[in-house]
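Colleague: Generate a structure from the sequence data that follows.
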Amino acid sequence: MAIEGGEQADKSKVAELEDLARIEGKLGREVMTADDVVLLRDEGVKEYNKSLLQLLGDTAFLGLLGGAVISFFYPFNTALSFEMGSLGSVLYVFLLSRTVDRLAVKAREGARGSDILGPARFFVLAGIIIWLAKNQDRTGLPVIPAILGFLSYKIALLLPLLNGKEAIDI
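Modeller: Just a heads-up that it's a prediction; the model follows:
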């Protein structure tokens, strides 16, 4: 019985993809089969995963590079504060990718709604700033370098332009 239900779900997905292909055909595009739509979606997912890993790696690299450069010109506490911010930046990009992944799954299922944990990524920067501000007398870590370190992901978004690729818009 469960096998028949699974087959029915597969047939409905194929029918849905064929409907999508017909709609694209009416819009002036080439008529695509359901297999073409699946292949196109799979290529998009692979490209997304590759871009995500590149963004995470670039963000971490820029954070480490920035911390090393800052440590030559400023005290260790300033470089450590920058590194905390850049670590928060990597965490922010990771949480953002999880939100995007969840939204994609919901869209494929036809469900609407938002991700409950999505806004948690905004608390990364707020948490770093609040913690540093509250404990500045004990740790001696300044707040401004942490904010600049957090913004390292914005620079990482521009790196594909140097390689001749389109920038990622986040």
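
Colleague: Tell me, please, the helix or strand in the chain that averages the lowest pLDDT.
Modeller: helix 2-26 (a mean of 62; mean pLDDT, DSSP states H and E).

Colleague: buried ones in whichever helix or strand comes after it?
Modeller: Using DSSP states H and E, the helix or strand that follows helix 2-26 towards the C-terminus is helix 34-73. Judged by neighbour count (16 or more other C-beta atoms under 10 Å), helix 34-73 contains these buried residues: 34, 37, 52, 54-56, 58-60, 62-63, 66-67, 70. C-betas here are computed from N, CA, C, even on glycine.

Colleague: What mean pLDDT does the helix or strand following helix 34-73 get?
Modeller: The helix or strand immediately downstream of helix 34-73 is helix 76-109, counting by DSSP H and E. For helix 76-109, mean pLDDT rounds to 85.

Colleague: what's helix 76-109 packed up against?
Modeller: Counting by 3 or more C-beta pairs under 8 Å, 6 or more residues apart in numbering; DSSP states H and E, the packing neighbours recorded for helix 76-109 are helix 34-73, helix 122-134, helix 144-150, helix 152-162.
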